[in-house]
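[1] coords please:
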Amino acid sequence: MSQATLGDDEELFGEAASEMREDVEGSLEAAWESLPDADDVWETDADNVLGVLNGLNSALDAGDAEEHLRDAKKWFTMGQRADAFDDAEDLEEEIEELEATVETLSEASEQVGELTATVPELRGTLQETAADDEGEDE
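    The predicted structure is shown next:
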C-alpha cells in the first residue's frame with residue numbers, strides 16, 4: 001500500500017470520527033430538546049386531583065428523547081469501539097445524565113399512573129362510607 005493511500009485513510013478516519021462525534025452531539029441535543037418543559041411538569045390548570053394527575057402524566061412523557069438517546073448511545077458505542085474519539089468523557093457524562101433524566105421521567109410517570117388509578121377508587125370508597133354513615137344516622 002502506498003504512503004498516499006495510508007495518509008488518505010487516516011484523513012478519512014479523522015473525518016468519520018468527527019462526523020460520528022457530531023452525530024452523537026446532535027442526537028443528545030435533540031433528546032434534551034424533546035424532554036418536557038419544566039413548567040409543563042410543574043404548573044396545572046386542572047379543576048380536580050384526577051385532572052392534575054392526568055395532566056402531569058401527559059407532561060412526564062419523554063417524547064422522542066428516548067429514541068434520540070438510543071441513537072446517541074449507538075453512535076457513541078460505535079465511536080468508542082473504533083477508538084475514534086480522542087476525548088469522549090464529556091459525551092459519556094452527558095449520555096449518563098440524559099439517561100438518568102429519562103429514567104426519572106419514566107419512574108415518575110409510573111408513580112403518577114398508579115395514583116391516577118388509586119385516587120378515584122379511594123374517592124369512591126370514601127363516598128360510599130359517607131353515604132353509609134348518613135344512612136345509619138337516619
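
[2] How many residues are close by the spatially closest residue to Asp71 that is not a sequence neighbour?
    Take Asp71 and drop its neighbours on the chain: the residue closest to it by C-beta to C-beta, 6 or more residues apart in numbering is Ser27, 4.1 Å away. All C-beta spots, glycine's among them, are computed from the backbone N, C-alpha and C. A count of nearby residues for Ser27, using other C-beta atoms under 10 Å, gives 22.

[3] Just to check, Ser27 is in contact with His68?
    Yes: counting by C-beta atoms under 8 Å, Ser27 touches His68, with 4.8 Å between them.

[4] before we move on, back to that, and the residue nearest to Asp71, what does it touch?
    Applying C-beta atoms under 8 Å, 6 or more residues apart in numbering to Ser27 gives the contacts 68-69, 71-72, 75.

[5] and with 7 Å instead?
    The contact partners of Ser27, by C-beta atoms under 7 Å, 6 or more residues apart in numbering, come to 68, 71-72, 75.

[6] Between these, which sits nearest Gly55?
    Nearest to Gly55 among the contacts of Ser27: His68, at 24.3 Å, using C-beta to C-beta.

[7] any idea which element that closest one lies in?
    Assigned by DSSP states H and E, His68 belongs to helix 65-81.

[8] Arg21 - how many residues pack around it?
    Per other C-beta under 10 Å, the neighbour tally for Arg21 reads 20.

[9] Three-state assignment for it, please.
    Secondary structure, DSSP: H, G, I helix; E, B strand; the rest coil: Arg21 is helix.
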